[in-house]
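Asker: When you get a sec, could you give me coordinates for this:
(2 chains)
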Amino acid sequence: MTLASTRVSGLSSEVGKAVTVRGWITTVRSSGKVAFLVLRDGTGLLQCVLVKSAVTQDVWDRFAQLSLETSVAVTGDVRADARAPGGYELGVTDLAIVGTSPLDYPIQPKEHGIDFLLDHRHLWLRSPRQRAIATIRSELEQGIQDFFYQRDFLRVDTPILTAAIGERSGLFSTEYFDEGSAYLAQTGQLYGEAAAAAWGKIYTFGPTFRAEKSKTRRHLTEFWMIEPEVAWNDSNDNMKLQEQFVSYLVQRALEKRSAELTELERDLTKLEGIKPPFPRLEYTEAIDILHRKGSTTPWGDDLGAEDESLIVADYDLPVFVMNYPKEAKAFYMKENPADPRTVLCDDLLAPEGYGEMIGGSQREDDYDRLLKRIIEEGLDPAAYEWYLDLRRYGTFVHAGFGLGLERTIAWICGLPHLREAIAFPRMMHRLRP
RNA sequence: UGGGGCGUAGCUGAGCUGGCAAAGCGCCGGACUGUUAAUCCGGAGAUCGGUGGUUCGACCCCACCCGCCCCAGCCA
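Answerer: Residues are numbered from 1 along each chain as shown, chains lettered A, B, ... in the order given. Here you go, the predicted model:
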């Protein structure tokens, strides 16, 4: 069976023609002898009008059977009408029910609590708001690939099942044949470094997993991360790439998906000015500013959420905080020659309180220093033999970063919580659907 | 894991110092030829998260348990 039919988004070029549109019933209204149904097909909403005197009794009776989310094929004439949402509507001549929908469809056109909506995420996705977010996410994912493709990066897919390696935060584990435990990847970075030594400019794009018992709007247990790694880039080059990347994504969303951003009631003026360069603060400088603003975070500690908000409040752009104290950061970051208490790294803080969008650093490329740091952190050097090989055989200056996709989406879309930025969010208390 | 909050009809959510459990949406029946989350009239629908306790009487007070939300930490 061929189901060639017109999609709602393409109707403006079909005015005056008879078409069939397939989709799901969003609302039905009847005034006795004129009836309206609104159809959703994933590209938009279409109002369809039935006039009792203009359709057969069969068609009229079928309208009466329609319930929310019934799937239908509606045939009629496309016409422009100012009274229709979107400006076009269908004068119905025929109506076929494809799949019925019982009267207990859970999601009504009204307010629901978040827990209820997440329990029904598989159905919640049908709402216009969720379509807008998914569309922007897809646009950004395409933009990410375009950005790196244009710059001759290779995309490298790194393993999700790994032996214990990477960062220190919580790991999900699973049985792995006779090898003992395998862990779900928290980062592809170490593999990315190997790939950068092989191929120069690379990026990874995949899911990552953190078994931390985080319960905030800025955390998921499964999220998507983009991790470029570039041979011969130093920390400064690294930040330049970051601000170009983030700016590109914002401008891309504005250019291609302003309709969806508007649907989400995003204030576009807050996005329009996102262009390089972004402000840069040394960590030590940031601590001074924070102390002047009343924070008591001592030099040496990582910045808290409160601190990040205080910093970001002074700017309309994302802000780099760079060169953190060694103790606050991971073992693989390169010591800062200008201040050996610190390492060459940066966090990019999103505006409007969306938190850390990027964490990046220049990597330690000195074999002895790296080994020393591994031991200092209490890690097992044997597990890092292959990683140390990257310094043993032709070490090289390199730097990279990880961008959290959902945080970026949440910021660009203006979402209050990360859970809407992905179709099926995984959180501490949320494994299904 | 700490601090705060919540759990009442399918959903949303009132319920004061303890005295027969509001309402709106949705659903069912009816009216209506241009509706926009249509409107109007009528109707059904609730072991008040669970267990125990105090009381003549508990949605309300107490204890424990379960579940979730927000904030923090961890980080992207």
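Asker: Skipping adjacent residues, who's closest to the residue in the stretch 201-350 of chain A that RNA strand B sits nearest to in space?
Answerer: Relative to RNA strand B, the nearest point of the stretch 201-350 of chain A is residue A:304 (2.6 Å; CB to the nearest atom of the strand). (Each C-beta comes from the backbone N, C-alpha and C, glycine too.) Nearest residue to residue A:304, sequence neighbours excluded (CB to CB, 6 or more residues apart in numbering): residue A:297, at 6.4 Å.
Asker: what do you get for residue A:147?
Answerer: Spatial nearest neighbour of residue A:147, chain neighbours left out: residue A:248 (5.1 Å); criterion: CB to CB, 6+ apart.
Asker: what's around the one you found, how many residues?
Answerer: 19 (other CB atoms under 10 Å).
Asker: Look at it and give its secondary structure.
Answerer: Look at residue A:248: counting by DSSP: H, G, I helix; E, B strand; the rest coil, its state is helix.
Asker: which bits of the stretch 151-300 of chain A sit near RNA strand B?
Answerer: By the rule CB under 7 Å from any atom of the strand, the part of the stretch 151-300 of chain A lying against RNA strand B is A:167-170, A:187, A:210, A:212-221, A:223, A:225.
Asker: Could you give me the ChimeraX syntax to select whichever of the residues you listed are buried?
Answerer: Restricted to buried positions by 16 or more other CB atoms under 10 Å, the ChimeraX selection for those reads:
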select /A:167,187,210,218,219,220,221,223,225
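Asker: Return the subset of the residues of the stretch 151-300 of chain A next to RNA strand B lying in helices.
Answerer: Among these, no residue falls in helices (DSSP state H).
Asker: Which of the residues of the stretch 151-300 of chain A next to RNA strand B fall within strands?
Answerer: Per DSSP state E, strands hold the following members of these: A:223, A:225.
Asker: what residues are up against residue A:11?
Answerer: A:19, A:21, A:46, A:78, A:88, A:90 (CB atoms under 8 Å, 6 or more residues apart in numbering).
Asker: which among the residues you listed gets closest to residue A:322?
Answerer: Of all these, residue A:322 sits closest to residue A:46, with 51.1 Å by CB to CB.
Asker: right, is the helix or strand harbouring the closest one up against RNA strand B?
Answerer: Per DSSP states H and E, residue A:46 falls inside strand A:45-51. Yes - Strand A:45-51 reaches RNA strand B (CB under 7 Å from any atom of the strand) through A:47, A:49, A:51.
Asker: From the contacts of residue A:11, keep the buried residues only.
Answerer: Using 16+ other CB under 10 Å, the buried ones in those are A:19, A:21, A:46, A:78, A:88, A:90.
Asker: still on that earlier bit, and the residue of the stretch 201-350 of chain A closest to RNA strand B, what pLDDT?
Answerer: Looking at residue A:304, its pLDDT stands at 89.
Asker: Report the buried residues of the strand holding residue A:46.
Answerer: A:45, A:46, A:47, A:48, A:49, A:50.
Asker: what's the answer for stretch A:426-433, then?
Answerer: A:426, A:427, A:430.
Asker: Can you give me the end-to-end span of that stretch?
Answerer: Length of stretch A:426-433, first residue to last, CA to CA, to the nearest Å: 9 Å.
Asker: repeat for stretch A:323-340
Answerer: 10 Å.
Asker: same check, this time on stretch A:262-277
Answerer: Stretch A:262-277 has its terminal residues 26 Å apart, counting by CA to CA.
Asker: need the contact list for residue A:69.
Answerer: Per CB under 8 Å, 6+ apart, neighbours of residue A:69: A:24, A:25, A:101, A:105, A:123, A:126.
Asker: cool, residue A:20 as well?
Answerer: A:5, A:6, A:73, A:74, A:75.
Asker: In this structure the last one contacts residue A:18, no?
Answerer: Yes - Residue A:75 lies in contact with residue A:18 (CB atoms under 8 Å); the separation is 6.7 Å.
Asker: out of these two, which sits in the busier spot?
Answerer: Each of residue A:75 and residue A:18 has its neighbours counted (other CB under 10 Å); residue A:75 has more, 17 against 14.
Asker: Now do the domain split for chain A, please.
Answerer: A:8-99, A:121-420 (automatic domain parsing).
Asker: quick one, which of those is packed in tightest?
Answerer: Most buried of these, by mean neighbour count (mean count of other CB atoms under 10 Å): domain A:121-420, with a mean of 18.
Asker: for the helix or strand harbouring residue A:236, the distance to its chain's centre please.
Answerer: In the assignment (DSSP H and E), residue A:236 maps to helix A:235-256. Mean-position distance between helix A:235-256 and its chain equals 15 Å (CA atoms, centre = their mean, to the nearest Å).
Asker: Let me have the domains of chain A in JSON lines, extended by distance to residue A:109.
Answerer: Shown next, in JSON lines, are the domains of chain A (distance: least, CB to CB, whole Å):
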{"stretch": "domain A:8-99", "distance to residue A:109": "7"}
{"stretch": "domain A:121-420", "distance to residue A:109": "9"}
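Asker: looking at those domains, which has the lowest confidence?
Answerer: Among the domains of chain A, domain A:8-99 scores lowest, at a mean of 90.
Asker: now do the same end-to-end measure for that domain.
Answerer: First-to-last residue span, domain A:8-99, CA to CA: 19 Å.
Asker: can you check stretch A:110-120 too?
Answerer: End-to-end distance of stretch A:110-120 (CA to CA): 15 Å.
Asker: Is there proximity between it and RNA strand B?
Answerer: Yes - for stretch A:110-120, a contact with RNA strand B is found by CB under 7 Å from any atom of the strand, at A:110, A:111, A:112, A:113, A:114, A:115, A:116, A:118.
Asker: Which among the residues you listed count as buried?
Answerer: residue A:118.
Asker: Check the residues of stretch A:110-120 next to RNA strand B and tell me the two furthest apart.
Answerer: A:110 and A:118, at 16.8 Å, using CB to CB across the residues of stretch A:110-120 next to RNA strand B.
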